[in-house]
Structure formats: structure tokens, C-alpha cells
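# got a predicted structure plus its sequence, pasted below:
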Amino acid sequence: MPMKARILIVDDEPSTLASLSRAFRMAGYDAAVAESAQKGLQLATSEAFDLVFSDVVMPGRDGLWLLEQLKAQEVAAPVVMMSGQAHIEMAVRATRLGALDFLEKPLSTEKLLLTVENALKLRRLEQENSDLRSRLQQPQIVGSSEAMRRIMAQIERVAPTESRVCILGETGTGKELVARTLHERSARRNAAFVTLNCAAVPAELIESELFGHEKGAFTGAAGRHIGKFEQADRGTLFLDEIGDMPLNMQAKLLRVLEQNEVERVGGTKPVAVNVRVIVATHRDLARMVEESKFRQDLFHRVYVFPLLLPPLRERRDDIRALVEHFARMVAAQNGWKAMSFSPDALVRLELYDWAGNIRELRNVVERAMLMSQTEVVDFAAVQAALPATGSSPGGEAASAAGSLASRVENFEKQTVLGELKRQRYHITKTAKALGLERSHLYKKCQQLGIDLRAVRGSGA
């Protein structure tokens, strides 16, 4: 069920507050009221609203001051100004300060609701455009291996629910990408996706980052700070590397998950939040619980639906697709012509033991493209881009010793065997992928001591 839009009304006239809030509620919106600009600012910066209506002329601080403060504090909700003493200079100033519209009192219900509808529609379009730009800049889940098909099936199952997900996997396996995909395929997709890396924030600052703080809460707190939970209200909060969160913060996080409210550092009252929390870690949380390094009660709160991402070395069939994807991305980001990788370069990448997983592969692809002298990245460019200490499964150790000729022959044999396996031992397709004639492939196999009949039998 879609969430109701929330509207804040700021006016010093009780009759106006009552009539507008009644009109909005009858139209299906949630309405909150404030009798002064100061109260309006307090509400707008402590709660999430989709639209703000404010009178201009009020005792003390006026509506234009409120408008300036809302823009200065980067409140996202658009603001519509109202006045019974409207004149062109006032409207022009309000527009220059960032008001979405300026309405003259008395307000007709029809005009009022039409303004709301148009404002919310404009905000949705801006959000959709922002989301689209963000998605175009974000990497995508790439892969059709059996391991990735299982992961995608799990994502499809859990994404539309409100269940908490714990994403497990080695560094660089794409945990944040999976979390973002879960968000985009949920009912919360039109709200914010907010991230916090628990390992990257100093222990003394993580509470402020998560829950926010009030002005003067501690030395250096020059103004109010809205924390990650409030930023993610009605959306998704992704807590990466939760295994690195200090124990004292784990207790405070548990309270938020249980009560759905946060209290800013230096604050005096709780703020309600509606957030789906997704966590990730490369650590063994169950073992950390046994070792009293992670709270057992928090573990049971976040470990509802575990998603284990396989390392890249266990999904080598996806490497070619990932290389092509990263090559397109790097070329687009740098304004280069499209570049491709030669067959032997691709095989070399498939044989490498990816300690850094997908993140390392992406870096190597970009480095190889920078080193390449042509639009086809060859074996030499890839070899130069790979770390000198890298290893290939089962073969690099053997090729690290012996004469140059024996090393080359060993690599050729690995390359042919790897391509045969990839092409399901189809000779014509293997020859084409390696850039050889079919007859030449037979000869090469004989030279390398590859028994095609035995290989086919072992691969069946």
C-alpha cells in the first residue's frame, strides 16, 4: 500500500491551520501544523515532509525567513508560500529564495489541491530523474553462472518484503550492489537508499552519523545534523561491515531496530523512523557471537535472511561478461572508443585467482585498457595490468619455473583447455573463439599433448 504524502502547514491563524489540514486529510494526505515559523522549522528539520505550505506574514520570524532557513539546511520538501497581503515584489522575492509557488489568500480548495497535486508530481519526476541518473552511473549485477542465478532468485524472493537481509561475502564481491538492487526492487524504491560503512567511521563519531546530533551536543557541533536513519526514513539503510561496529553502538542500534525511533546526540525526545535495514559483512558473525565480539540479540535481529555472495574464483564463467561490462563502463566514463579484449587476454583473466574479487577485476580491466596501444586489449596488456604476485588456479605455479619455451607452452595448454571447457568442448566454437582454423586447433592440441577424446569424456 503506497504511503500517504505528508504536508506541513505553517500559519499563525488557527482557522487557516484547521481548514487547510482538514482539506488535506479529506483528500487523503497526512497533515501537520505549526503556528510559527520557528515551530515550522523545527518540525521540517526533525521529520520528513513531502511538501510545505507557509504563510508569509507572521509575527516574529516571517515565512520568507523560514524559506531561507529550509533551503540553507537543505530540506528537500518543496515550499509553497501563501499570503493575504500579496504583492508582486513579495512573490518575486519568494521565488528567488526557492519557493515552488506563491498563492494568494483566500484559498479555494480546488486551487489548493491542484497545487499539491502538481507539486508532488514535480517532486516525483525530479526524484525519478535523480534515481535514473544514479542507476546509470551505478554498476549492475552481471553474470549468468549457476551461482549467480541462485543469488538472483533469492533477491527476487526477498526484495519485495520488509525482511531484514544480511549480505555475506568476501571483500569486493559486490555486497553494496546487491543491497541497492534489493532496495530498487522493493516498495521503498522511490525513497532514499542511504549507506554507512561501519568500518570507515571512527568509533566516537558513529553514533552521530547514525542518529544525528543537535547543535552544541559536543565540541564542533555547530548545527543540527540529521543522521543516516532519518535520511533513510521510508527508504532503506545499508550498514556495510556491521561486524566492525563497536559493542556499545550495537546495543544502541538494537534499541532502534526494536522501537523504530532514534534520539539525536544531545536531543531530548525520540524521532520516529520507518526504515528497512540491510546489513553486510565479510566476517563470520556467528563465530563473533560465540567469542562475545558481536551481540547475540542483535545477530538475531539482522540475520533474518542471509545472502552469501560467492567469490569470483567460484563463478569464473561470469568473468567474460564482467570484463565486457567494465570495458563499456570505462570507455563511456573516459569518452573513449569502444575497446574489446582478445581471446587469450580473456583466458588470462579467467585463469587469474581473484583475491580482490569483482572490485579487483574492474581495476585490472581499467588498467589494461590504459596500457593498451590498440582498441583490442591483448594478452601483454592484461599481463602487465595484473599484480606481479597474482596466481592462476592450478597452473601458475607450474609456469613460474622452467625455460621461457616451457612457460609459454604451459600457458597455451591452459588457454586451450580453458576455452574448450567454456565452449562445452565444441571444437568449431573453440577454434573461432581462439581465432584459429578448426584444423589448426587439432594440430595445436596434438602439439600440446591434449587428448580431445579424453578431455570431452572428462567434461561430459
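Structure's in. What do you need?
# what about the strands in the protein?
6-10, 30-34, 51-55, 79-83, 101-104, 165-168, 193-197, 236-240, 261-262, 271-272, 276-281, 305-308, 340-341, 376-377 (DSSP state E).
# redo those as a markdown table? Include mean neighbour count and distance to residue 450.
No exception for glycine: its C-beta is placed from N, CA and C like everyone else's. As requested, the strands of the chain are exported to a markdown table (neighbours: other CB atoms under 10 Å; distance: least, CB to CB, whole Å):
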| stretch | mean neighbour count | distance to residue 450 |
| --- | --- | --- |
| strand 6-10 | 24 | 68 |
| strand 30-34 | 19 | 71 |
| strand 51-55 | 26 | 70 |
| strand 79-83 | 24 | 72 |
| strand 101-104 | 16 | 75 |
| strand 165-168 | 23 | 39 |
| strand 193-197 | 19 | 47 |
| strand 236-240 | 24 | 45 |
| strand 261-262 | 20 | 63 |
| strand 271-272 | 16 | 67 |
| strand 276-281 | 25 | 43 |
| strand 305-308 | 16 | 36 |
| strand 340-341 | 19 | 24 |
| strand 376-377 | 18 | 26 |
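# show the pLDDT at the residue lying closest to residue 73 once chain neighbours are set aside.
Residue nearest to residue 73 in three dimensions, not counting chain neighbours: residue 45, with 5.7 Å by CB to CB, 6 or more residues apart in numbering. Looking at residue 45, its pLDDT is 87.
# what's the local residue count around residue 45?
16 (other CB atoms under 10 Å).
# my read: it touches residue 224, true?
Yes: counting by CB atoms under 8 Å, residue 45 touches residue 224, with 6.2 Å between them.
# overlap in contacts, these two.
Common neighbours of residue 45 and residue 224 (criterion: CB atoms under 8 Å, 6 or more residues apart in numbering): residue 73.
# need phi/psi at residue 204.
phi -80, psi -10 (degrees, to the nearest 10).
# same check, this time on residue 263
Taking degrees, to the nearest 10 as the convention, residue 263 sits at phi -130, psi 120.
# now it: closest residue in space that isn't a chain neighbour?
Going by CB to CB, 6+ apart, residue 263 has residue 270 as its nearest residue, at 4.9 Å.
# what sits against the residue nearest to residue 73?
73, 75, 224, 226.
# the residue lying closest to residue 111 once chain neighbours are set aside pairs with what?
Sequence neighbours aside, residue 103 is the residue nearest to residue 111 in space, at 7.0 Å (criterion: CB to CB, 6+ apart). Using DSSP bridges, the bridge partners assigned to residue 103 are residue 82.
# need the contact list for residue 103.
80, 81, 82, 83, 111, 112, 115 are the contacts of residue 103 under CB under 8 Å, 6+ apart.
# swap in 10 Å and give it another go.
53, 80, 81, 82, 83, 86, 91, 111, 112, 115 (CB atoms under 10 Å, 6 or more residues apart in numbering).
# next one, pLDDT for residue 402 please.
Residue 402 is given a pLDDT of 55.
# next, the angle from the longest helix anywhere in the chain to strand 79-83.
Under DSSP state H, the helix in the chain containing the largest number of residues is helix 109-137. Put simply, helix 109-137 runs at 160 degrees to strand 79-83, going by axes from the mean of the first three to the mean of the last three CA atoms, to 10 degrees.
# buried set for helix 109-137?
Within helix 109-137, the residues scored as buried using 16 or more other CB atoms under 10 Å are 112, 113, 115, 116, 119, 120, 123.
# what does stretch 17-24 give?
Buried-residue list, stretch 17-24, by 16+ other CB under 10 Å: 17, 19, 20, 21, 23, 24.
# skipping its backbone neighbours, what lies nearest the residue positioned nearest the centre of the chain in space?
By CA atoms, centre = their mean, the chain has its centre lying nearest to residue 180, at 4.0 Å. Excluding its sequence neighbours, the residue lying closest to residue 180 (CB to CB, 6+ apart) is residue 193, at 5.9 Å.
# contacting residues for that neighbour?
So residue 193 contacts 131, 134, 176, 179-180, 182-184, 186, 231-232, 235-238, 276, 278 (CB under 10 Å, 6+ apart).
# could I get the strands of the chain in TSV, plus columns for mean pLDDT?
Below are those laid out as TSV (pLDDT from 0 to 100):
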stretch	mean pLDDT
strand 6-10	94
strand 30-34	93
strand 51-55	94
strand 79-83	92
strand 101-104	89
strand 165-168	98
strand 193-197	95
strand 236-240	97
strand 261-262	94
strand 271-272	92
strand 276-281	98
strand 305-308	97
strand 340-341	96
strand 376-377	95
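# residue 294: which of these is closest?
strand 276-281 (9.2 Å; CB to CB).
# quick one: the closest one to strand 236-240, angle?
Using the same axes, to 10 degrees: strand 276-281 against strand 236-240 is 10 degrees.
# I'd like to know how many residues surround the closest residue in space to residue 437 that isn't next to it in sequence.
Spatial nearest neighbour of residue 437, chain neighbours left out: residue 431 (6.4 Å); criterion: CB to CB, 6+ apart. A count of neighbours around residue 431, defined by other CB under 10 Å, yields 20.
# mind listing what residue 431 touches?
With CB under 10 Å, 6+ apart, residue 431 has these contacts: 416, 419, 423, 437, 438, 439, 440, 441, 442, 444.
# are any of those residues buried, and which?
The buried subset of the contacts of residue 431 - by 16+ other CB under 10 Å - is 416, 419, 423, 441, 444.
# and the furthest pair within those?
So, the buried ones among the contacts of residue 431 by CB to CB: farthest apart are 423 and 444, at 14.6 Å.
# low pLDDT regions in the stretch 301-450 of the chain?
389-405, 407 (pLDDT under 70).
# now do the helices in it.
319-334, 343-351, 357-371, 379-385, 396-399, 404-422, 427-434, 438-448 (DSSP state H, counting those that start in this stretch).
# can I get the ones you listed in a markdown table including distance to residue 35?
Shown next, in a markdown table, are those (distance: least, CB to CB, whole Å):
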| stretch | distance to residue 35 |
| --- | --- |
| helix 319-334 | 51 |
| helix 343-351 | 66 |
| helix 357-371 | 53 |
| helix 379-385 | 65 |
| helix 396-399 | 74 |
| helix 404-422 | 71 |
| helix 427-434 | 74 |
| helix 438-448 | 84 |
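# out of the ones you listed, which is the most enclosed?
helix 343-351 (a mean of 23; mean count of other CB atoms under 10 Å).
# and the angle from that one to helix 404-422?
Going by the same axes, to 10 degrees, helix 343-351 makes 80 degrees with helix 404-422.
# partners of the residue nearest to residue 180 in the sheet?
Going by DSSP bridges, residue 193 forms beta bridges with residue 236.
# ditto for residue 51
With DSSP bridges as the rule, residue 51 is bridged to residue 7.
# that one against residue 115, yeah?
Yes: in this structure, residue 51 is within contact of residue 115 by CB atoms under 10 Å, at 8.9 Å.
# who touches residue 83 in this structure?
By CB under 10 Å, 6+ apart, the neighbours of residue 83 are 54-58, 62-64, 90-91, 94, 102-105.
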